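K.L.:
Fold the following, please.
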Amino acid sequence: MKIFLIISIFLTGLFFFFICQNQRVVDSLNQLLAKTGQDTNRVKLLMRIEAEYFFTRPDTARVIAEKALALSRDLHYVRGVVANLNELAETSRFLGNYPLALKLNFEALQMNREMKDI
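P.N.:
Numbers count the residues shown, from 1 in each chain. Next up is the predicted model:
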């Protein structure tokens, strides 16, 4: 029984350690984001922030992916559009919106075919 208690305490501590690490990374990325202009580097930073939020705050990750997708489209950054469509599809799938996820994945697939980057 004691071993079970010790393992439970260890795993709980480990969980909170990783949550704190996640927040430090997000804070650092947000500081970089504040210094970045409206360019492809901003899209890449938004994608990294979205990836950090994916499992802990999927709704926030979806909003960030939508911002990155809109910026990618404004910049005509095709690779960014495709990557963000895939990220948005994965977030939608994770949240249980399977029809939207499938639609977004097919849109990304079509763009990849047009770029001949499959």
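
K.L.:
Tell me the secondary structure at residue 108.
P.N.:
Judged by DSSP: H, G, I helix; E, B strand; the rest coil, the three-state class of residue 108 is helix.

K.L.:
wait, residue 56
P.N.:
Per three-state DSSP, residue 56 ends up coil.

K.L.:
surely it meets residue 22?
P.N.:
Yes: using Cβ atoms under 8 Å, residue 56 is in contact with residue 22, at 6.3 Å. Every residue, glycine included, has its C-beta placed from N, CA and C.

K.L.:
Overlap in contacts, those two.
P.N.:
Taking Cβ atoms under 8 Å, 6 or more residues apart in numbering as the contact rule, residue 56 and residue 22 touch no residue in common.

K.L.:
Now do the helices in the protein.
P.N.:
2-35, 40-53, 58-75, 78-95, 98-115 (DSSP state H).

K.L.:
least trustworthy helix or strand in the chain by mean pLDDT?
P.N.:
helix 2-35 (a mean of 70; mean pLDDT, DSSP states H and E).

K.L.:
Help me confirm that residue 54 comes into contact with residue 61.
P.N.:
Yes: counting by Cβ under 8 Å, residue 61 is a contact partner of residue 54 at 4.8 Å.

K.L.:
Pick out whichever of the two has more residues nearby.
P.N.:
residue 61 (23 against 18; other Cβ atoms under 10 Å).

K.L.:
which ones are touching the more buried one?
P.N.:
Per Cβ under 8 Å, 6+ apart, neighbours of residue 61: 50, 51, 53, 54, 87, 91.

K.L.:
of those, buried ones?
P.N.:
By neighbour count, with 16 or more other Cβ atoms under 10 Å, the contacts of residue 61 hold 50, 51, 53, 54, 87, 91 as buried.

K.L.:
Out of those, which comes closest to residue 26?
P.N.:
residue 53 (7.2 Å; Cβ to Cβ).

K.L.:
That closest one against residue 25, yeah?
P.N.:
No: between residue 53 and residue 25 there is no contact under Cβ under 8 Å: 10.3 Å.

K.L.:
Just confirm residue 26 contacts residue 51, I think it does.
P.N.:
No: using Cβ under 8 Å, residue 26 is not in contact with residue 51, being 10.1 Å away.
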